[in-house]
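Trainee: need coordinates for the following:
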Amino acid sequence: MWRAFRFRDVMQRIVASHTFARVILLHMRKRKWAEEAIEKLQMGQTAQIRPEGHSMQPRINSGDLVTLEPCSAHDLAIGDVVLARITGRRYSHLVLHLVQDREMDRFLVGSRDGRTDGWIAAENIFGRVTKVERLKP
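Mentor: Modelled structure (predicted):
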């Protein structure tokens, strides 16, 4: 009985650590597109990405080809979609967000469905969406 219990415990830990490793790898892959885009944008170049998710629908659908261009804070307006770093309680993440409001050099950002992620500084915005090409079915 002791050996069976111990074996089961070891197997559960292996499965749990494997699942955790898969989640970490998936998270790293998802961040890579944003990091590559940011690198181009910081060099003054245009970047193209294919974001996943539904927070910006119907303006941007999962898998659409999105063109980003470098921008400065004074170029941004309410309604622009930007690539931004959002810092939460546990982690920061890079996402496309809608500019909902602005005050000097800070911006209120969120999703198309009205959810707000809070105010961010201008230095946390890396580029603005200038073109969206629909993913062909």
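Trainee: is it correct that E133 is in contact with L65?
Mentor: Yes - using CB atoms under 8 Å, E133 is in contact with L65, at 4.1 Å. From N, CA and C alone the C-beta is placed, and that goes for glycine too.
Trainee: doesn't I86 make contact with A34?
Mentor: No - here A34 does not reach I86: they are 11.2 Å apart, not a contact under CB under 8 Å.
Trainee: now do the shared contacts for those two.
Mentor: Jointly contacting A34 and I86 under the rule CB atoms under 8 Å, 6 or more residues apart in numbering are 94-95.
Trainee: neighbour count for those two, which is higher?
Mentor: The residue with more neighbours, out of A34 and I86, is A34; 21 against 16, by other CB atoms under 10 Å.
Trainee: residues in contact with the more buried one?
Mentor: By CB under 8 Å, 6+ apart, A34 lies in contact with 49, 83, 94-95.
Trainee: remind me which helix or strand it belongs to.
Mentor: Secondary structure from DSSP states H and E places A34 in helix 2-42.
Trainee: sorry, back to before: out of the contacts of A34, who's the most crowded?
Mentor: L83 leads those on contacts (other CB under 10 Å) with 25 neighbours.
Trainee: so that one sits against I125, correct?
Mentor: Yes - between L83 and I125 there is a contact under CB under 8 Å: 7.3 Å.
Trainee: hmm, back to that, any idea which of the contacts of A34 is the one closest to R112?
Mentor: Within the contacts of A34, the smallest distance to R112 is 12.1 Å, found for V95 (CB to CB).
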